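>>> sequence unknown, structure follows:
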């Protein structure tokens with residue numbers, strides 16, 4: 001077991017002892033268990049799963065951020081996270097449609113790269129929420 005902290009800019013989304021963590025990083029899908037070598041990696045938007053101290057598996061949709069593994073502690077810093085049971089699929093579908101429209105408009109208008117990147121990130125987040133929330 002090791003201590004896992006999932007931190008958001010304004011709050012701690014989860015803190016507790018876990019047996020295993022699976023997360024998507026810049027290196028691909030990574031599994032972390034107690035005694036893992038220290039690493040720092042970029043977290044990509046995707047699904048984060050862990051097995052808690054009761055033996056239950058938990059699933060979250062997370063946005064991009066950072067993963068820090070050091071000694072007996074793992075900290076995941078992300079911009080947003082939601083447990084699968086917290087996700088409102090209808091709202092996520094609405095956000096997906098809005099992000100698609102914004103991205104199409106930005107590309108059609110030849111908007112700057114920053115506006116297009118924001119629209120792509122919003123679309124990626126909505127799709128991730130739909131994927132995680134619909135696989136409960």
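Yep, that arrived. Keep in mind it's a predicted model, so treat the numbers as computed, not measured.
>>> Run through who's touching stretch 48-59.
1, 4, 6, 14, 16-24, 47, 60-62, 76, 81, 83-84, 132, 135 (Cβ atoms under 8 Å, 6 or more residues apart in numbering). For every residue, glycine as well, the C-beta is placed using N, CA and C.
>>> what about 10 Å?
With contacts defined as Cβ atoms under 10 Å, 6 or more residues apart in numbering, stretch 48-59 is touched by 1, 4, 6, 13-14, 16-24, 31-33, 47, 60-62, 67, 74, 76, 78, 81-85, 87, 132-133, 135-136.
>>> Among the residues you listed, name the buried ones.
Using 16 or more other Cβ atoms under 10 Å as the burial test, the contacts of stretch 48-59 include 4, 6, 13-14, 18, 20-24, 32, 47, 60-62, 67, 74, 76, 78, 81-84, 87, 132-133 as buried.
>>> Nearest the middle, which residue of the chain would you pick?
residue 62 (1.4 Å; Cα atoms, centre = their mean).
>>> which stretches of this structure have low pLDDT?
For the chain, the stretches with pLDDT under 70 are 111, 136.
>>> for it, what spans make up the helices?
For the chain, the helices defined by DSSP state H occupy 89-108, 113-133.
>>> Could you name the stretch from the ones you listed that's closest to residue 37?
With Cβ to Cβ as the measure, helix 113-133 is the member of the helices of the chain nearest residue 37 (27.7 Å).
>>> Show me what that closest one packs onto, helices and strands only.
With contacts taken as 3 or more Cβ pairs under 10 Å, 6 or more residues apart in numbering; DSSP states H and E, helix 113-133 sits against strand 46-52, strand 57-62, strand 81-83, helix 89-108.
>>> can you pull the contacts of the residue located most distally from the centre of the chain?
Most distant residue from the mean C-alpha position of the chain: residue 109, 30.3 Å away (Cα atoms, centre = their mean). By Cβ under 10 Å, 6+ apart, the contact set of residue 109 is 115, 116.
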